[in-house]
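# Sequence and predicted structure below; questions after.
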Amino acid sequence: MTVKRAKPGPRSLERQERLVAAGYRAMVRSGLAGARTRDIAAEAGITVATLHYYFPTKDDLVRAVLEHTIRERMLAPLRLDADWEDGLAALRTMLAGLQRQAEAEPGHFRLLHEMVWTSHEDPVIHDMIAETHTDWHQTITGWLEAGRREGRVRGDLDTRTVATMIMYIVMGMVMRPPLPPGAGAHLSDELDRLLASFD
């Protein structure tokens, strides 16, 4: 049986956004596995059949929620556009902003953490997370390489490996493991010192 897909248009877009927002709330509240499509449909004020009209499978909805979580909940509030041309400034903005978000709104980081662990067993989730992290890694590598060309980042660093280390720092930071008070207060400053050119 072929599932009908929603036709593009303002009403269709508004319903999709409402479903994604409801899916996000349900997945933050109940976890990835615990969020049921019928509950998401009810929260969005539509039927399950209508939900499947817009998102034929739960994987389609999970992909949309993942994109919403990263773009709207995490990246948009950071306003990285203002710093995009200055990669080191963008790194500082990213670190400080994500640290604030992790303290103020930990739900979306719990959801992303669950998606990362699920990706080890679920090929569909794996591909979603891998695509997102590949883009993120390329962005950070680009910022570091630009800084190196400008003489602001050490020339002896392997930018791809350092980008991986920064991603691991960020992922550890937003998980907020118990640490001594103030242990993460100067992450951006110390990262700057580690990256800084010797010249």
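Received, thanks.
# hmm, who's touching whichever strand or helix holds residue 23?
Element membership for residue 23 (DSSP states H and E) is helix 10-30. Here helix 10-30 makes contact (C-beta atoms under 8 Å, 6 or more residues apart in numbering) with 6, 35-36, 39-41, 43-46, 50-51, 54-55, 61-62, 64-65, 68-69, 73, 107-108, 110-111. Backbone N, C-alpha and C define where each C-beta goes, glycine included.
# Stretch 90-109 too?
Counting by C-beta under 8 Å, 6+ apart, 24, 28-29, 69, 73-74, 77-80, 82-84, 140, 143, 166, 169-170, 173-176, 184, 187-188, 191-192 sit against stretch 90-109.
# do stretch 82-89 as well
The set of residues external to stretch 82-89 that reach it, using C-beta under 8 Å, 6+ apart, is 90, 92-93, 142-144, 146-147, 152-153, 192, 195.
# List the buried residues for that stretch?
83, 86-88 (16 or more other C-beta atoms under 10 Å).
# Residue 25 versus residue 40, what's the distance?
For residue 40, the distance to residue 25 equals 8 Å [C-beta to C-beta, to the nearest Å].
# next one: residue 92
From residue 92 to residue 25 the distance is 31 Å (C-beta to C-beta).
# now do residue 47
From residue 47 to residue 25 the distance is 18 Å (C-beta to C-beta).
# Between the two, tell me which one has more neighbours.
Neighbours per residue (other C-beta atoms under 10 Å) separate residue 47 from residue 25, with residue 25 holding more: 17 against 12.
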